[in-house]
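A.B. asks: here is my input; please provide its structure:
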Amino acid sequence: MEHVVIGVDPHKLSVTIEVVDHQENLLGSGRFTTDKAGYAAMRKYAKTWPERVWAVEGSNGTGRPLAQRLLEDGERVVGVPAKLAARVRGFDTGHDRKTDARDAHSVAVVAVRTKTL
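C.D. replies: Residues are numbered from 1 along each chain as shown. Predicted structure coming up:
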C-alpha cells in the first residue's frame, strides 16, 4: 500500500485536508467540520489510505486540539510551522494568496519535502 501525507489546514469550525503521495500527486481532498460527526467523517475518509501520516499546520496553536485527537486515536502526526507552509505556498503558486485548499496543499508539500518535522 502507498504511503501518503494528509496536509491539514485547521480552523476553529472546519478542517481542510489534502492527501498527496511521496511525489506530491493529489490523491484526495475534503473539508470537514470539527464537531464529532465531522471528525468521524474525516477519519473514515482517511482510512482509504492505511499508510498515512497527518501533517497538521500549527500543531502548537490552532491545530493543537486536532493533533491531540488524532494522536489519541493512534494516528501518526507531524507538526508543520505556519511560516514554513506560507513560504511553500508563495513559491508554489507564485503569489501568497490564501485559501484553505492551498494551505492544506502547502502543509502536505512541506511534510513530503521536510524529513525533520
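A.B. asks: I'd assumed Val27 was in a strand, is it?
C.D. replies: In this structure residue 27 is Leu, not Val. Yes - counting by DSSP: H, G, I helix; E, B strand; the rest coil, Leu27 is part of a strand.
A.B. asks: tell me what the helix or strand where Val15 lies is packed against?
C.D. replies: Per DSSP states H and E: Val15 is located in strand 14-21. Here strand 14-21 touches strand 4-10, strand 26-33, helix 36-46, helix 100-113, going by 3 or more CB pairs under 8 Å, 6 or more residues apart in numbering; DSSP states H and E. Any C-beta I mention is one placed from the backbone N, CA and C, and that applies to glycine too.
A.B. asks: for the second one, buried residues please.
C.D. replies: Counting neighbours by 16 or more other CB atoms under 10 Å, one finds that the buried residues in strand 26-33 are Ser29, Gly30, Phe32.
A.B. asks: cool, the last one as well?
C.D. replies: Along helix 100-113, these residues count as buried under the neighbour rule (16+ other CB under 10 Å): 100-112.
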